[in-house]
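Engineer: structure of the sequence below:
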Amino acid sequence: MTLIIRPATLADIRQMAEIAGPPVTAQGLAAWMDGDSAHAAWHLVEDESGCLLGFQHIGRTDALPAEACEIATFLEPAPLPFGAAASLFDATAQAAHRLRYRWISAQVAEENSAARIYY
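Structural biologist: Okay, the predicted model is just below:
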């Protein structure tokens, strides 16, 4: 299976909200993306048919020093093709480097076992 990693845009919001699930809404994501600063990046992974498999966001937060960013990851609950999540993170890590971040922080809920394995 061919995976496509690319920057996410406002045109992707509907599919992104479906993967994120409640309480995330398309309107909330659009506001987040539209109001995001030059210190953020959004990437997604999709299959060759254009089906969204997941997306990531990195950006500044007041809880971290300026050289750090926080990451948010949303993945399709079904098993992903081999390498999909790793390829998505590679693109996000490259963006973090371009944005001059020195490290990435992930806040993961204890009950989110899939995210704990991923990170």
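
Engineer: show me what residue 75 is bridged to.
Structural biologist: Note on residue 75: beta-bridge partners by DSSP bridges are residue 54.

Engineer: what's around it, how many residues?
Structural biologist: 20 (other CB atoms under 10 Å). No exception for glycine: its C-beta is placed from N, CA and C like everyone else's.

Engineer: now the strands for this structure?
Structural biologist: Along the chain, counting by DSSP state E, strands occupy 3-7, 41-47, 52-59, 68-75, 103-105.

Engineer: for residue 24, which of these is the nearest?
Structural biologist: Checking the strands of the chain against residue 24 by CB to CB gives strand 68-75 as the closest, at 7.7 Å.

Engineer: can you mark which positions in that closest one are buried?
Structural biologist: 68, 69, 70, 71, 73, 74, 75 (16 or more other CB atoms under 10 Å).

Engineer: just the residues contacting that strand, thanks.
Structural biologist: Contact with strand 68-75 is made by 16, 19-20, 24, 39-40, 53-61, 63-64, 85, 88-89, 92, 96, 99, 101-107, 114-115, 118-119, as judged by CB atoms under 8 Å, 6 or more residues apart in numbering.
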